[in-house]
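K.L.:
okay, here's the prediction I keep looking at, along with the sequence it came from:
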Amino acid sequence: LVGGFSRTAEAQLLIETGWAREVAADRAVLRQRTPAVAPTGDDPQLARDPGAATARLPSLAWTAAREAVRADLPVLVQVPRRGYLPAVACAECRSPARCPHCAGPLALPSATGTPACRWCGRVAAAYACPECGGRRLRAAVVGARRTAEELGRAFPGVPVRTSGRDEVLTAVPGGAGLVIATPGAEPVAAGGYGAVLLLDSWALLTRADLRAGEEALRRWMTAAALARPAAGGGRVVVVADGALAPVQALLRWDAAWFAARELAERRELGFPPAVRMASVTGTADAVADLLAEARLPEGAEVLGPVPADDDRERMLVRVPRARAAALAGALHAAAAARTARKAVDPVRLQVDPLSLF
């Protein structure tokens, strides 16, 4: 038995091939148990609040939070990024602020903190923008702690709690309060949350990942499931365009529809799980050496190379699902041959890697 609020394309494939059966509630039960979900980027909301397209917390989200607090109910705010300001930019020309030593992104640890590199840890107290010479910084990405600070000022007298990597809360009281959490660290509220606000949707939806939409929906539904039912005053506000497929699936609470759509698109484009795909990562010479050694099955398609980390490159090998065992065997034999002749540069092999890009 595999349970979850959302569904992956792999799970959908098991259902469509008959290997697994779906166990799901009917629409009447879902309407009775789920909260009311609303987006902020559709036409009716934009007509009422023209700034909703660019505001981080549009008026609809403010209203939902304020009404929940007035009803003595807790509010959950999901923020995809931890920290205070995990990315900053020049206040004059908007160029991203990067470390002068390693070109890593600069971050601010607090309102009075000094910018420091997230890669090498060096402090950039005397940072000057290389483009315009400006020394003032502005927020490019807002983290959970900065969000908690802003909401604390907006709701004076209301308890504010944070839950994330440094301290993960498991449960919070049922009275009025604000809980700012990163995905996966949302605590359970006694009686359920009166409002759940899903902020910075672009951070999840625009990731360069095959599973970006799938993962965004999973995180949203996991947080939304902590809200009270709509009949009990539970509301969920997602700061995103209501026309997007993951947002539509959340509005209808229909992860099966989104999984079927995702699987159909991957079949058309030739991505897992509709096909089997292996990644070969290493130096350019090592990758070419392994692929020259491998006796790939008939119909295998080699894609790449594309850049990988640490000056390495990655090649992808795609085959139909029926030839998955043959592909794995060919790559295993080629790796064994390189090991036998003591090849210096290692190569990393992954079949159906979680991330392709």
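P.N.:
Good, I have the coordinates.
K.L.:
for the rest of this, base every contact and every neighbour count on C-alpha atoms.
P.N.:
Will do.
K.L.:
show me where the stretch 51-200 of the chain has its helices.
P.N.:
59-70, 144-154 (DSSP state H, counting those that start in this stretch).
K.L.:
and the shortest one, what's its mean pLDDT?
P.N.:
Average pLDDT, helix 144-154: 85.
K.L.:
so what secondary structure elements neighbour it?
P.N.:
For helix 144-154, the packing partners by 3 or more Cα pairs under 8 Å, 6 or more residues apart in numbering; DSSP states H and E come out as strand 160-163, strand 177-181.
K.L.:
pull out the buried residues from that helix.
P.N.:
With burial defined by 16 or more other Cα atoms under 10 Å, the residues of helix 144-154 counted as buried are 144-148, 151-152.
K.L.:
what do you get for stretch 297-308?
P.N.:
297, 300, 302, 305.
K.L.:
can you put these in JSON lines and add pLDDT?
P.N.:
Output for the buried residues of stretch 297-308, formatted as JSON lines (pLDDT from 0 to 100):
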{"residue": "297", "pLDDT": "92"}
{"residue": "300", "pLDDT": "92"}
{"residue": "302", "pLDDT": "93"}
{"residue": "305", "pLDDT": "87"}
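K.L.:
make CSV out of those and add distance to residue 210.
P.N.:
Formatted as CSV, the entries for the buried residues of stretch 297-308 read as follows, by distance: Cα to Cα, whole Å:
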residue, distance to residue 210
297, 25
300, 21
302, 18
305, 18
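K.L.:
and the contacts of the helix or strand residue 289 falls within?
P.N.:
Assigned by DSSP states H and E, residue 289 belongs to helix 284-293. The contact list for helix 284-293, computed with Cα atoms under 8 Å, 6 or more residues apart in numbering, reads 280-281, 312-315, 331, 334-335, 337-338, 345-347.
K.L.:
need the contact partners of the helix or strand just after that helix.
P.N.:
Using DSSP H and E, the helix or strand that follows helix 284-293 towards the C-terminus is strand 301-307. With Cα under 8 Å, 6+ apart as the test, strand 301-307 has contacts from 313-319.
K.L.:
repeat that for stretch 210-220.
P.N.:
Applying Cα under 8 Å, 6+ apart, the external contacts of stretch 210-220 come out as 5-8, 183-184, 198, 201, 204-206, 246-247, 249-250, 255, 259, 355-357.
K.L.:
wait, residue 203 touches residue 80, no?
P.N.:
Yes: if you go by Cα atoms under 8 Å, residue 203 and residue 80 touch, sitting 6.8 Å apart.
K.L.:
which of the two has more neighbours?
P.N.:
Neighbours per residue (other Cα atoms under 10 Å) separate residue 203 from residue 80, with residue 80 holding more: 21 against 14.
K.L.:
count of residues packed around the nearest residue to the more buried one once chain neighbours are set aside?
P.N.:
Leaving aside its sequence neighbours, residue 80 sits nearest to residue 182 (Cα to Cα, 6 or more residues apart in numbering; 5.4 Å). Look at residue 182: counted by other Cα under 10 Å, it has 23 neighbours.
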